[in-house]
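> here is a sequence together with a model predicted from it:
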Amino acid sequence: MSHPEMLPQINIGQTIRDYRLQRGMSQGDIEKRTGLLRCYLSRVENGDTIPSLDTLSKIAGAMEIALSQFFSESGHSNGAKGLPQLSDDEVRFLSQVRRYATNLNDSDRKLVLAMVKKMAANSGK
């Protein structure tokens, strides 16, 4: 069960397409640099397939951008207004939290969220 109110909605396929077009690259260019088939890249860009973090990392490398740029608001509008710029490590951490959070019941999810808020509040001191 997904809770969209907990995480901003990012259209990763559209974001990838936006960056690819900004760089004047074709899906064929990405295919040559990553080995990912053009038909797969098309399914990702059209939102039919959600790529793994490893695959996103390959695509980012092919475009010579940081993986975290796929999750930032700079450069294009992806509906995630007000998000801070995230480092690659932070993106990986959030991806892991999201993957494990799907297995939690509501009570445990609230407990984890409370713990994270407490850690964030303490880190600023």
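Sure thing, it's come through.

> mind jotting down where the helices sit in the protein?
12-22, 27-34, 38-45, 53-63, 88-101, 106-123 (DSSP state H).

> chain center to the helix or strand of the chain with the lowest mean pLDDT, what's the gap?
When each helix and strand of the chain is scored by mean pLDDT, DSSP states H and E, helix 88-101 comes last, with a mean of 74. The chain centre lies 9 Å from the centre of helix 88-101; the measure is C-alpha atoms, centre = their mean, to the nearest Å.

> what's the answer for stretch 12-22, then?
12 Å.

> what's the answer for stretch 43-54, then?
10 Å.

> now do stretch 29-47
In terms of C-alpha atoms, centre = their mean, the centre of stretch 29-47 is found 17 Å from the chain centre.

> still on that earlier bit, what helices and strands are in contact with the least confident helix or strand of the chain?
For helix 88-101, the elements it packs on are helix 53-63, helix 106-123, judged by 3 or more C-beta pairs under 8 Å, 6 or more residues apart in numbering; DSSP states H and E. The C-beta positions use only the backbone N, C-alpha and C, and glycine is treated the same way.

> confidence score at the most centrally placed residue in the chain?
Closest to where the C-alpha atoms of the chain average out (C-alpha atoms, centre = their mean) is F71, at 4.8 Å. With respect to pLDDT, F71 scores 75.

> quick one on the thing from earlier: least confident of the helices of the chain, on average?
Lowest mean pLDDT of these: helix 88-101, a mean of 74.

> all set, thanks.
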